[in-house]
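Engineer: heads up, no residue letters with this:
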Ligand SMILES: [Zn+2]
């Protein structure tokens, strides 16, 4: 049995927000290339991400919002077939193309399928190499490269469909996971811990919205040792006390020193260290159960190396 699953799908590559956009299909190529070159693909169990049902998206999103995005996707396809535009912007940074709808269903579908496999004991943990990312997607709003919140959907799915009582969400993306906070704040079955650059997009998170949110804003140019100290002194005691039965990770790698979308100073060894710390909590309380989903990470080379370090730590190789 392989310990670690690797979920992805070609549909996630077909979603494209236009030339020069940092959240580009090549991100998934960079991850696959690195996983292949480092022989990590031999260690993980590769699985195809299924399409999520719209009903499961509604575990975390307003029904009208889900229907609204679907309507835009349909409208765009009709427009394009009639010779019109091939992109539709919902904000200056976030756009649909004709493949976006399937990509969003695969991205959320990966997180839920990984949850099923981990809960069934087929895998101990899993990484979902999917896009679009999700942690800026709010209950009734898509923004910041994100349409639906893959991690929040899967966390709710673990609670509602698998009957778990406590799940943790860990977010180490350089940006505050405002969407996840919007959806899960006040839900006492969830503890969310996050570190993010502040002040910085989306300019939220400095004041925690609810007791179940542990937000740690850090200034630009904070480096690995300071972040590790925060993990040990702030995250770990709360996670230990909460005793999660499963842990979801919003795995953004844009806090990397070489990533131009943020100004934090993490390196691959920091991602490996943070992942091992999360894994220790998972082993003490959650039978090792972790589902990690790709969020940011825009320097393709640094992204590939960071995901390798993260997956290596999950697979314990
Ligand atoms: Zn980010």
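Structural biologist: Sure, I can see it. Because the structure is predicted, anything quoted here is derived from the model rather than measured.

Engineer: hey, where'd the strands end up in the stretch 151-300 of the chain?
Structural biologist: Assigned by DSSP state E, counting those that start in this stretch, the stretch 151-300 of the chain shows strands spanning 167-171, 190-197, 213-218, 246-251, 290-294.

Engineer: Get me the contact residues on the stretch 51-200 of the chain for the ion.
Structural biologist: Residues of the stretch 51-200 of the chain that fall close to the ion, judged by C-beta under 5 Å from the ion: 173, 175. (Each C-beta comes from the backbone N, C-alpha and C, glycine too.)

Engineer: 6 Å - rerun?
Structural biologist: 173-175 (C-beta under 6 Å from the ion).

Engineer: Now rank these by neighbours and give me the top one.
Structural biologist: Comparing those by number of neighbours (other C-beta atoms under 10 Å), residue 175 comes first, having 29 neighbours.

Engineer: so can I have JSON lines of the residues of the stretch 51-200 of the chain next to the ion showing pLDDT?
Structural biologist: Listed next are those as JSON lines, based on pLDDT from 0 to 100:
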{"residue": "173", "pLDDT": "98"}
{"residue": "174", "pLDDT": "98"}
{"residue": "175", "pLDDT": "98"}
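
Engineer: Return the member of these nearest to residue 243.
Structural biologist: residue 173 (24.6 Å; C-beta to C-beta).

Engineer: Find the residue closest to that closest one in space, skipping its chain neighbours.
Structural biologist: Of all residues not flanking residue 173 in the chain, residue 252 sits nearest, at 2.4 Å (C-beta to C-beta, 6 or more residues apart in numbering).

Engineer: Retrieve the pLDDT associated with the closest residue to the ion within the stretch 201-317 of the chain.
Structural biologist: The ion sits closest to residue 296 of the stretch 201-317 of the chain, with a gap of 2.8 Å, by C-beta to the ion. Residue 296 carries a pLDDT value of 98.

Engineer: now residue 207
Structural biologist: For residue 207, pLDDT reads 88.

Engineer: show me the contacts for it.
Structural biologist: residue 215 (C-beta atoms under 8 Å, 6 or more residues apart in numbering).

Engineer: go again using 7 Å as the cut-off
Structural biologist: Residue 207 sits next to no residue when contact means C-beta atoms under 7 Å, 6 or more residues apart in numbering.

Engineer: in the sheet, who's paired with the nearest residue to residue 214 once chain neighbours are set aside?
Structural biologist: Distances taken as C-beta to C-beta, 6+ apart place residue 193 nearest to residue 214, at 4.4 Å, with adjacent residues excluded. Note on residue 193: beta-bridge partners by DSSP bridges are residue 170, residue 214.
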